[in-house]
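Colleague: here's a sequence, model it:
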Amino acid sequence: MEAQSATLDRIDRKIIACLLNDASLNNAELAERVGLTAAPLSRRLARLYSSGIIRQAIVVDAPRVGLGLQAFVEITLDRTTPQVGERFIEHVGKLPEVVEIHAVAGDFDFLLKISVRDMTDYKRLIWQEFDRLAEIKTIRSTMVFDSPKISYGYLP
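Modeller: Numbering: from 1, shown residues only. Down below sits the predicted model:
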């Protein structure tokens, strides 16, 4: 499904830029930074949220909660039919350790981001949970040492 590009004016862009820089701003601080009063800011925020242009999320610092190992996992399926892909997404989407699922084009079919306690926990995930899907042809892992930059978007 292709998303349609939304028309954003200068104020919308300023609101988004401020939130990307500091999502903890309260409405009064945000209104002041973009040059609006509370009511127009609230209407704009409501429109940006309801249209899906922006959304709110909580980001957990994985190592601080005992999840010391993050990995990117490339999955190649034996067959790439919609039914096989949907079954794979349904199964891995239920696993709390899988924090991101990306369907991709290229040398593999899916790129997953995994967050687990340690290598033993990772082995359990791969051998017990992923092994339940006979359609997986190959699994290739890349362990994350550090993430010096994580961004959740930008405005073109």
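Colleague: where along the protein do the helices fall?
Modeller: 10-21, 27-34, 38-50, 82-93, 119-124 (DSSP state H).
Colleague: flag the shaky bits of the chain, pLDDT-wise.
Modeller: 1-5 (pLDDT under 70).
Colleague: and the helices of the chain: which comes nearest L69?
Modeller: helix 119-124 (5.8 Å; CB to CB). C-beta here means a position set from N, CA and C on the backbone, and glycine is covered the same way.
Colleague: report the buried residues of that closest one.
Modeller: D121, Y122 (16 or more other CB atoms under 10 Å).
Colleague: sorry, back to before: can you redo the helices of the chain as TSV with distance to L111?
Modeller: Below are the helices of the chain laid out as TSV (distance: least, CB to CB, whole Å):
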stretch	distance to L111
helix 10-21	23
helix 27-34	34
helix 38-50	28
helix 82-93	12
helix 119-124	16
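Colleague: F110 is nearest to which of those helices?
Modeller: In terms of CB to CB, the element of these nearest to F110 is helix 82-93, at 6.8 Å.
Colleague: quick one: contacts for the residue in the chain sticking out farthest from the centre?
Modeller: Here the chain reaches farthest from its C-alpha mean at T37, the gap being 32.0 Å by CA atoms, centre = their mean. Residues counted as contacts of T37 (CB atoms under 8 Å, 6 or more residues apart in numbering) are A31.
Colleague: wouldn't L45 be in contact with D12 here?
Modeller: No: judged on CB atoms under 8 Å, L45 makes no contact with D12 at a distance of 9.8 Å.
Colleague: if anything else comes up later, I'll come back, but that's it for now.
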